[in-house]
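[1] no sequence on this one, just coordinates:
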């Protein structure tokens, strides 16, 4: 049965339309330039402003730090300030002995916090006025003048009280020097004082203006040209990685004729170089 002519024309038109639409879809490209790009200066400025607002909001939410007496630090305050649970436990054990923190150096000595964290906390430490008064008056007893070598006290018999007469040495540092001396079995060289953890060069120089090592015992030295990395790692404060770096440096050069050549090793600290100068030889 044939369709009426009008319907036939309609069907033909629909087929042609569908074929045209399929061809258009096959070859047409719908890609277009993005209306908005994050690379534009306007968007970058807006993102920076959002970052600034986000930083301000986070800072406002952060708990404020008020001056406090570290002797009464709570576990929550320790958490907020970034003090590790282990450090807080050491502080609590110290306080249970009815002992008190009297200075920032005491706090570091007891807790073992890092130098960077101590510098962050130091401005907020608040001690009783009598502690501050004792600290101010104690400055008067410090000796700052250098005395002749033959009149200097023996570093191997110095007491904590004598060491604290030096500017920059308090109870914590004087105790640390004596403990280090005991581990060594006595100082063999004045330069070993530079290896005491936390003492800077200025304070060490202040000590050596009044103290010296009398009747030093021989200091055994390791020949760097025959030492293994394991041998070097036995030196105080030298890790195996550092020892391996020095050993590889020596292997590349085949032989070291002067310990000053170690200055060329990238990454070695002044303290590590002092250790090598003290305990190594180039025999």
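    Yes, it's here. Owing to the predicted nature of the structure, the values given are computational and were not obtained by experimental measurement. Numbers count the residues shown, from 1 in each chain.
[2] can I see the domain layout of the chain?
    For the chain, automatic domain parsing gives the domain ranges 70-138, 142-212, 222-281.
[3] residue ranges with poor pLDDT in this protein?
    Residue ranges of the chain with pLDDT under 70: 1-8, 25, 27-40, 42-44, 46-47, 50-64, 130-145.
[4] which stretches in it count as helices?
    Secondary structure of the chain by DSSP state H: the helices cover 5-27, 41-61, 75-81, 85-96, 104-111, 115-121, 129-138, 160-163, 171-184, 201-208, 229-232, 240-253, 270-279.
[5] tell me what the third one is packed against?
    Under the contact criterion of 3 or more CB pairs under 8 Å, 6 or more residues apart in numbering; DSSP states H and E, helix 75-81 touches helix 85-96. Using the backbone N, CA and C atoms, a C-beta is placed for each residue, glycine as well.
[6] measure the residue nearest to residue 244 when sequence neighbours are not counted to residue 223 for me?
    Distances taken as CB to CB, 6 or more residues apart in numbering put residue 229 closest to residue 244, at 4.5 Å, once the chain neighbours are dropped. For residue 229, the distance to residue 223 equals 14 Å [CB to CB, to the nearest Å].
[7] more neighbours: which of these two?
    Higher neighbour count among residue 229 and residue 223: residue 229, with 17 against 12, using other CB atoms under 10 Å.
[8] quick check: that one touching residue 247?
    Yes. Counting by CB atoms under 8 Å, residue 229 touches residue 247, with 4.1 Å between them.
[9] what's near enough to touch the residue lying closest to residue 172 once chain neighbours are set aside?
    Nearest residue to residue 172, sequence neighbours excluded (CB to CB, 6+ apart): residue 109, at 3.7 Å. Listed by CB atoms under 8 Å, 6 or more residues apart in numbering, the contact partners of residue 109 are 172, 175, 176.
[10] and stretch 250-270, which residues are buried?
    Neighbour-count burial for stretch 250-270, with 16 or more other CB atoms under 10 Å as criterion, is recorded at 250, 256, 262, 265, 268.
[11] ugh, wrong one, I meant stretch 109-121
    By neighbour count with 16+ other CB under 10 Å, stretch 109-121 contains the buried residues 109, 110, 111, 113, 117, 118, 121.
[12] the spatially closest residue to the third one that is not a sequence neighbour: how many residues sit nearby?
    Spatial nearest neighbour of residue 111, chain neighbours left out: residue 87 (4.0 Å); criterion: CB to CB, 6+ apart. Residue 87 has 20 neighbouring residues, counting by other CB under 10 Å.
[13] wait, residue 87 sits on residue 78?
    Yes. If you go by CB under 8 Å, residue 87 and residue 78 touch, sitting 7.4 Å apart.
[14] next one: residue 87 from residue 107, what distance?
    Residue 87 is 9 Å from residue 107, by CB to CB.
[15] and what of residue 95?
    As judged by CB to CB, residue 95 and residue 107 stand 12 Å apart.
[16] give me the more crowded residue out of these two.
    residue 107 (24 against 16).
[17] the more buried one and residue 68 touch, don't they?
    No. Using CB under 8 Å, residue 107 is not in contact with residue 68, being 11.4 Å away.
[18] common neighbours of those two, please.
    residue 125.
[19] centre-most residue in the chain?
    For the chain, residue 116 is the residue whose C-alpha lies nearest the centre (CA atoms, centre = their mean; 5.8 Å).
[20] ok so, going back, turn the domains of the chain into a markdown table, including distance to residue 49.
    Listed next are those as a markdown table, based on distance: least, CB to CB, whole Å:
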| stretch | distance to residue 49 |
| --- | --- |
| domain 70-138 | 29 |
| domain 142-212 | 43 |
| domain 222-281 | 40 |
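[21] so residue 245 sits against residue 262, correct?
    No. If you go by CB under 8 Å, residue 245 and residue 262 don't touch, sitting 10.0 Å apart.
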